[in-house]
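Participant: model the following, please.
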Amino acid sequence: MEHHPALTLVLALAVGIFAQSVSRHLRIPGIVLLLLVGAGLGPDGLDWIDPRSLGMGLVAVVELAVAVILFEGGLNLEISRLQREQTPIRRLVTWGALITLMGGALAARWCLDWSWMQSLVFGGLIVVTGPTVVGPLVRNLRLRPRVATVLEAEGVLIDPIGAILAALLLGIALTGIESVWDAPMFLAISLSFGAIAGLIAGFALASLLRVRNLIPEGYENIFALSYVLLLYQGCDEIVSHSGILAVTAAGVVVGNLRTRVDRNLREFKDQLTVLLIGLLFVLLAADVRFEDVLALGWKGLGVVGLLVLIVRPLNVALSTLGSELSLRERLFVSWIAPRGIVAAAVASVTATALESQGMAGGPELRAMVFLCIAGTVLLAGLTGAPVAALLKVKLPGRDVVAILGAQGLGLELAIQLRNGGIPVVFLDANPWNCRRAEESGFQVVYGDALQERTLQRARFENVGSAIGLTPNQMLNSLFASRAREVFGVPRSYVAVINPEAGLAPELVEREQVVVLFDGAHDVERWDVRARHDELEVSYWKYGGVPEPDAGADEAAGAAPKAGERFAILSILRGKKVMPMHAGLSLQAGDIAAVAIHSEERDSAEEILTAWGWAPTEPPEATPIA
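Facilitator: Numbers count the residues shown, from 1 in each chain. Sure thing, here's the model as predicted:
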């Protein structure tokens, strides 16, 4: 069958997206379906996709796509989180990489009886873990923050190091043993140049994106994409194989230096990464021959077993020695090390290079790496949840409260929840609001809260309550609905500004969300009051419904209306604090945190007293576990 290069690319793109869409619905790692589909449509299957029809263009596609994927991975790494676990992360990507390299080489040498050079190249290829596999796995398992941070950071940072190691060993294999004396120098130059160039380029790109109108509106994303590709190829031209580390470092810098297009850039890169991962896995899986995998036999499975049961645990044990990680956490990190797209891509490039030089071992190397990818991904995907539960490294419950709208009433409510020992995360698309919340000590995620990627960055798998608290009541309802539909958030609250207008009340009824506070409130007016220091919080204790005055007529005895004089933020009942919401039955002894308009304090206190409340002292704050 004759294969046209353009048709091969288009089919791989379409099939890759389709496979990942299906895997999302089935809640299985996307790589599993991608490997099956790629192999099924390749020359040994239906023969619809033949990557070799692309010639050397396949290598260019693979390298540039990996550059974009690693830049996106760097974008999502938060330096503040890395600093807390910097010791085990640093060891895993340095000494741990060397342990995996030697362990993998010994496993291949012992089980497969390969030459030492071929075994070392294999060891270099399987140094990397798979950030595109680890990231979704960590989110779905709801791991404790320390474990999640170590796994995610290792996945992103070790990829460029592993790729450079593999390139170094490939160079030795191609040029002969005498080049081994230049190996340490090559490694040091590639790593140092890539890191320095990436940091400088990252600061430069962030600075360019910060200047308004310097890059025409709407061009920012494509400018960043072309910048990253130029950085990768330019660094590679200057110092061989330094580009992969440069783009990763640049991604970390840009991701941690907030720019005016940060949200759009992240969303664009996220979507592009999904597209490229699908394309690469389908092409690379189609390039693996069934007979090469079958030829490995039980010995190949033996290599995978040694990597999982001996090499990885030894790596983690030495890398986390003396760290704050508990024994259970270290055991879980030892169990999770799926290989992903970078291992597949570098293995394909390595096999192609060996074959082009007429050297043996390329197909066997590629087959063994893909067997490692399939084995480790299936192991992590199928056993991750039960092992995490057994080792008790999952979060005990969904106790985080996510608030959309870092302003006015939202900030005051968050302070009350935090004082009650409840962790809070804010989502907002306004940089000024984000900065104000961060200055108050809260975790903040900048972006469109209706986008799934934004909710993922806020770790909504740990969220138990979603609160829509913006002046847009429709947005509040849609946010609460989205949180429940995509992440199964059990409780949702929305601020309603005008219950008689708009579609929000209908959505509230249909989506089973609850109206926040003691009724409808003008959120924007309260935000203005907060900015002008006209909002104060006081504490009131509920004594029960007051007895009506027997001498007053019915109209005079009716409960007075609060209007916008005050808003009841939260209720403390015993040791449990909760947002005030419609339908909450008050009990004697409940303590309320009440936001009061300072200019109407007297009338607000009169109404609260008439409602059965009495002033009380602020309760003691409870530290967050």
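Participant: so where's the stretch 401-550 of the chain uncertain?
Facilitator: Within the stretch 401-550 of the chain, the segments meeting pLDDT under 70 span 498-512, 546-550.
Participant: how about the strands in it?
Facilitator: Taking DSSP state E, counting those that start in this stretch, the strands of the stretch 401-550 of the chain run over residues 424-428, 443-446, 463-468, 491-494, 514-515, 535-542.
Participant: now render the ones you listed as JSON lines, adding distance to L199 and mean neighbour count.
Facilitator: Just so you know, the C-beta spots here come from the backbone N, C-alpha and C atoms, and that holds for glycine as well. Formatted as JSON lines, the strands of the stretch 401-550 of the chain follow (distance: least, Cβ to Cβ, whole Å; neighbours: other Cβ atoms under 10 Å):
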{"stretch": "strand 424-428", "distance to L199": "29", "mean neighbour count": "26"}
{"stretch": "strand 443-446", "distance to L199": "22", "mean neighbour count": "19"}
{"stretch": "strand 463-468", "distance to L199": "34", "mean neighbour count": "26"}
{"stretch": "strand 491-494", "distance to L199": "42", "mean neighbour count": "24"}
{"stretch": "strand 514-515", "distance to L199": "47", "mean neighbour count": "19"}
{"stretch": "strand 535-542", "distance to L199": "43", "mean neighbour count": "18"}
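Participant: among those strands, which is nearest G124?
Facilitator: Smallest distance to G124 across these (Cβ to Cβ): 36.5 Å, for strand 443-446.
Participant: circling back: tabulate the strands of the stretch 401-550 of the chain (a markdown table), appending distance to E237.
Facilitator: What follows is the strands of the stretch 401-550 of the chain, written out as a markdown table (distance: least, Cβ to Cβ, whole Å):
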| stretch | distance to E237 |
| --- | --- |
| strand 424-428 | 41 |
| strand 443-446 | 35 |
| strand 463-468 | 46 |
| strand 491-494 | 53 |
| strand 514-515 | 59 |
| strand 535-542 | 58 |
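Participant: closest to V127 out of these?
Facilitator: Proximity to V127 (Cβ to Cβ) singles out strand 443-446 among the strands of the stretch 401-550 of the chain, at 31.7 Å.
Participant: quick one: contacts of the closest one?
Facilitator: With contacts defined as Cβ atoms under 8 Å, 6 or more residues apart in numbering, strand 443-446 is touched by 258, 262-263, 406, 423-429, 431, 434, 437-438, 454, 457-458.
Participant: partner strands of it, with direction?
Facilitator: Looking at strand 443-446 with DSSP bridges, its partner strands are strand 424-428 (parallel).
Participant: and the partner strand, how far out from the chain middle?
Facilitator: How far strand 424-428 lies from its chain's middle: 15 Å, per Cα atoms, centre = their mean, to the nearest Å.
Participant: and it with strand 463-468, angle?
Facilitator: Angle of strand 424-428 versus strand 463-468, following axes from the mean of the first three to the mean of the last three Cα atoms, to 10 degrees, is 40 degrees.
Participant: got the CA coordinates for strand 424-428 in CSV?
Facilitator: What follows is strand 424-428 as a C-alpha-only set of coordinates in CSV (Å, rounded to 0.1, in the frame of the first residue of the first chain):
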residue,chain,number,x,y,z
VAL,A,424,-9.3,27.9,50.5
VAL,A,425,-8.2,28.4,46.9
PHE,A,426,-9.3,31.4,44.8
LEU,A,427,-9.9,31.6,41.1
ASP,A,428,-10.0,34.9,39.3
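Participant: averaged pLDDT, the helix or strand where G234 lies. What do you get?
Facilitator: For G234, the host element (DSSP states H and E) is helix 220-238. Mean per-residue pLDDT for helix 220-238: 92.
Participant: now stretch 203-212
Facilitator: The pLDDT scores in stretch 203-212 average 88.
Participant: one more: stretch 153-165?
Facilitator: Rounded mean pLDDT across stretch 153-165 is 83.
Participant: who touches it?
Facilitator: Stretch 153-165 is touched from outside by 66, 70, 73-74, 76-77, 81-82, 85, 89, 92-94, 96-97, 101, 124-125, 127-131, 133-135, 187, 190-191, 194, 241-242, 244-245, 248, 340, 342-343, 346, with contacts defined as Cβ under 8 Å, 6+ apart.
Participant: what do you get if the cut-off is 6 Å, keeping everything else the same?
Facilitator: For stretch 153-165, the surrounding residues in contact (Cβ atoms under 6 Å, 6 or more residues apart in numbering) are 70, 73, 77, 82, 89, 92-93, 97, 124, 127-129, 131, 134, 190, 241, 244-245, 248, 342, 346.
Participant: burial measure for S598, as a count.
Facilitator: Using other Cβ atoms under 10 Å, the number of residues around S598 comes to 12.
Participant: check contacts around it.
Facilitator: If you count contacts by Cβ under 6 Å, 6+ apart, S598 has them with E534, E536.
Participant: got the domain boundaries for the chain?
Facilitator: Under the assignment automatic domain parsing, the domains of the chain span 59-274+297-362, 400-548+555-615.
Participant: how about these, which one is nearest L34?
Facilitator: Comparison of the domains of the chain against L34 by Cβ to Cβ identifies domain 59-274+297-362 as nearest, at 9.3 Å.
Participant: endpoints of that closest one, how far apart?
Facilitator: Terminal residues of domain 59-274+297-362 lie 15 Å apart, using Cα to Cα, to the nearest Å.
Participant: go on, stretch 129-149?
Facilitator: By Cα to Cα, the extent of stretch 129-149 from end to end equals 14 Å.
Participant: for the host helix or strand of G305, packing partners?
Facilitator: Using DSSP H and E, G305 maps to helix 290-306. Packing partners of helix 290-306 (3 or more Cβ pairs under 6 Å, 6 or more residues apart in numbering; DSSP states H and E): helix 95-112, helix 362-391.
Participant: could you give the angle of it to helix 362-391?
Facilitator: Angle, helix 290-306 to helix 362-391, by the same axes, to 10 degrees: 40 degrees.
Participant: state the mean pLDDT of helix 290-306.
Facilitator: Mean pLDDT, computed over helix 290-306, is 92.
Participant: list the contacts of the helix or strand following that helix.
Facilitator: Beyond helix 290-306 in the direction of the C-terminus, DSSP H and E gives the next helix or strand as helix 312-319. For helix 312-319, the external contacting residues (Cβ under 6 Å, 6+ apart) are P88, R91, L92, G96, I99, T100, R330, V333, S334, A337.
Participant: switch to 8 Å and redo it
Facilitator: Outside helix 312-319, the residues within contact range by Cβ under 8 Å, 6+ apart are 88, 91-92, 95-96, 99-100, 103, 330, 333-335, 337.
Participant: now the spatially most central residue of the chain: how far from G340?
Facilitator: Nearest to the mean C-alpha position of the chain, by Cα atoms, centre = their mean, lies R457 at 4.7 Å. Separation of R457 from G340 (Cβ to Cβ, to the nearest Å): 20 Å.
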